[in-house]
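Participant: Just the structure for this:
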Amino acid sequence: MSDWVDDYEHGVSPRDPRVLELLDLLKYEYIGMYGEPDPNPEGGLERCYGTSGSIVLATYRRKAVGIAGIGFHETDGPAVLHRMFVLYEMRKRGIASGLLFECERAARRLGGRQLVLETGTSQTSAIALYRSKNYLPVDPFGYYADQPTSLFLGKDL
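Facilitator: Numbers count the residues shown, from 1 in each chain. Reported below is the predicted structural model:
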């Protein structure tokens, strides 16, 4: 666990005010990077709750500092990572690595054998993190499957 995280809460509701606050900040980050919010109607955290997934919230001094979710979109398919985000001022402190580890644990606990993700090619810090954790290219999937600015990675659990 990072020195900058007191807890990783699993199974948090997508309607939790802390989740909504982080997702709102993430929306503005997407606007800054891409000029618009993420248009993917399936990209949120609604499918990462209950028996089909898990939302993980990183907290420090009782404040939410990071979030990520995993969801299963197909029976017997891989778990899919969604909306990994760490507050800007809390980056480069190991929080994203911890969130990724906790999402991998959650996916295994729910029966997942692989965790896959899609990220934008301009998100170089995220790509470096995933590659450092042994995520390798996988076949394109989902909403952005035909986008040349998307990178698809996965890891066997």
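Participant: and the longest helix seen in the chain, average pLDDT?
Facilitator: Ranked by number of residues, the top helix in the chain under DSSP state H is helix 17-34. Averaged across helix 17-34, pLDDT comes to 93.
Participant: Which elements pack onto the following helix or strand past that helix?
Facilitator: Downstream of helix 17-34, the next assigned helix or strand under DSSP states H and E is strand 53-60. Counting contacts by 3 or more CB pairs under 8 Å, 6 or more residues apart in numbering; DSSP states H and E, strand 53-60 packs against strand 7-10, helix 17-34, strand 63-72, helix 95-109. Just so you know, the C-beta spots here come from the backbone N, C-alpha and C atoms, and that holds for glycine as well.
Participant: I'd like the distance between the residue sitting furthest away from the middle of the chain and Gly32.
Facilitator: In terms of distance from the mean C-alpha position of the chain, Arg61 ranks first, at 21.7 Å (CA atoms, centre = their mean). Separation of Arg61 from Gly32 (CB to CB, to the nearest Å): 27 Å.
Participant: Give me the pLDDT for Asp156.
Facilitator: 98.
Participant: contacting residues around the residue nearest to it when sequence neighbours are not counted?
Facilitator: Nearest non-adjacent residue to Asp156, counting by CB to CB, 6 or more residues apart in numbering: Gln114, 5.3 Å away. Contacts for Gln114 (CB atoms under 8 Å, 6 or more residues apart in numbering) come out as Pro78, Ala79, Gly154, Lys155, Asp156, Leu157.
Participant: If any of these are buried, give me the ChimeraX selection for them.
Facilitator: In ChimeraX, this line selects whichever of those come out buried by 16 or more other CB atoms under 10 Å:
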select :78,79,154,155
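Participant: And the contacts of Gln114, which is closest to Tyr28?
Facilitator: Ranked by distance to Tyr28 (CB to CB), the contacts of Gln114 are led by Ala79 at 27.0 Å.
Participant: which residues does the closest one contact?
Facilitator: Ala79 sits next to 53, 70-72, 103, 106-107, 110, 112, 114-116, 157 when contact means CB under 8 Å, 6+ apart.
Participant: would you put the C-alpha positions of stretch 99-109 in CSV?
Facilitator: Taking C-alpha atoms only, stretch 99-109 is exported to CSV below (Å, rounded to 0.1, in the frame of the first residue of the first chain):
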residue,chain,number,x,y,z
LEU,A,99,-5.5,0.8,-7.5
LEU,A,100,-4.5,-1.4,-10.4
PHE,A,101,-3.3,-4.1,-8.0
GLU,A,102,-6.6,-3.9,-6.1
CYS,A,103,-8.6,-4.1,-9.3
GLU,A,104,-6.6,-7.3,-10.3
ARG,A,105,-7.5,-8.8,-6.9
ALA,A,106,-11.2,-7.9,-7.3
ALA,A,107,-11.3,-9.4,-10.7
ARG,A,108,-9.7,-12.7,-9.5
ARG,A,109,-12.1,-12.7,-6.5
